[in-house]
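In: Kindly return the folded structure for what I paste below:
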Amino acid sequence: VCASGRDEDHAGTTAPVPSAGKRAMTIGQRSAVLQRRLKIADWIRRHGEMRVDELSASLGVSEVTIRGDLSYLEDQGLIIRSFGKARAAKTSTQPEAAPHALPRWQIQPMLRAAAALAAPDQTILIGPGALPVQVIPLLAELPGLSVLLTSVDAIPIARTCLEARLFVPGGEIAPEDGAVGGTQAIRGLDMHAIGLAILEAETLGADGSVLIRSKTAERLAQAACRRAQRSAILVAGAALSLERRPSQLPLDAATDIILPASPSQRGRDMLLESGFRPMGSEAEAGGAAHFSRPRLATSRDPSFATAV
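Out: Numbers count the residues shown, from 1 in each chain. Just a heads-up that it's a prediction; the model follows:
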């Protein structure tokens, strides 16, 4: 069961209010089940198809438990079950695997670094792209969140994992990747006091930029960085690119840059020149390299808003 609290075993019943200790234990149990179900969905998505007995052996739980997990994931539209196995659900908006796809051991520290920036009672924007969407499960235990989703792929995951108010900005849905964009979506951001925006870029540009996958995503990212109190860009590659493209942002548009590994000396110098400072040991023991800088307050910040 995800942290959404939609537990089939308790549907239609009224449970007594648990003590603080029991409630903490329940949250921990839900988190463990959530992580297992998301792991199953991720494995099936990557491998295309997996058998119940394979999943049971790999995760160390019974086949009955796996069948329950698969039933839940099928209800969410993430997989399709058939005769002792499950395969990935295919949709017209499902993006192709990115050419810069990272191994899981590199992705996880990046996701944790981004999730650590979130706080209770915030409005968090999840930008388009595979990396921001994967941060969603790590937000499950933060109370009082409002989450602004900017891709179709994020919606079932957020509904499965979060007890939060979910919003989608108006605008066009891009047929190639299911991202929400356009002028209407950008204007929709102004309706929210965004505390944290979590975005994605492909790599660092040698000219002091981050390269974004598409112009639609770049426009949304630019607006989100201006609007949010804090904006974290998950960069899929640490190497510098000489490419110049229309869809890129200056480094200092964001407050946090999170890389899968330590950048080159030139990349590090570029980040320092843009006002970033390393957070902790850079990529220690295979972890993410996180650079952060203070954000200068502007008249667009929620803290400057005047009560009416």
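
In: What about A288, how many residues nearby?
Out: 26 (other CB atoms under 10 Å). Glycine gets a C-beta too; all of them are placed from N, C-alpha and C.

In: pretty sure it is touching A113, no?
Out: Yes: using CB atoms under 8 Å, A288 is in contact with A113, at 4.9 Å.

In: what is in contact with the two at once?
Out: I258 (CB atoms under 8 Å, 6 or more residues apart in numbering).

In: Quick one: low-confidence residue ranges for the chain.
Out: 1-31, 90-101, 176-177, 281-286, 296-308 (pLDDT under 70).

In: in it, which spans are helices?
Out: With helices called from DSSP state H, the chain shows them at 20-47, 52-59, 63-75, 104-115, 130-135, 154-161, 183-188, 215-227, 265-273.

In: closest one to L204 among these?
Out: The closest of the helices of the chain to L204 is helix 265-273. By CB to CB, the value is 5.5 Å.

In: ok, and what's touching the closest one?
Out: So helix 265-273 is in contact with L204, A206, G208, A238, A239, L240, L251, I257, S262, P263, F291, going by CB under 8 Å, 6+ apart.

In: Now do the strands in the stretch 101-250 of the chain.
Out: 123-126, 146-149, 165-167, 172-173, 180-181, 196-205, 209-211, 230-241, 248-250 (DSSP state E, counting those that start in this stretch).

In: And these: which comes nearest A57?
Out: Of the strands of the stretch 101-250 of the chain, nearest to A57 by CB to CB is strand 230-241, at 31.6 Å.

In: Neighbouring strands - and their directions - for that closest one?
Out: strand 196-205 (parallel), strand 256-259 (parallel) (DSSP bridges).

In: As PDB, could you dump the C-alpha coordinates of the longest one?
Out: Meaning strand 196-205. The C-alpha trace of strand 196-205 is given here as PDB (Å, rounded to 0.1, in the frame of the first residue of the first chain):
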ATOM      1  CA  LEU A 196      10.500  23.800  -4.700                       C
ATOM      2  CA  ALA A 197      10.700  22.900  -8.400                       C
ATOM      3  CA  ILE A 198      12.400  19.700  -9.400                       C
ATOM      4  CA  LEU A 199      13.500  19.700 -13.100                       C
ATOM      5  CA  GLU A 200      15.600  17.700 -15.500                       C
ATOM      6  CA  ALA A 201      18.400  18.500 -17.900                       C
ATOM      7  CA  GLU A 202      20.500  16.300 -20.200                       C
ATOM      8  CA  THR A 203      24.000  17.700 -19.400                       C
ATOM      9  CA  LEU A 204      26.000  20.800 -18.700                       C
ATOM     10  CA  GLY A 205      26.900  23.100 -21.600                       C
END
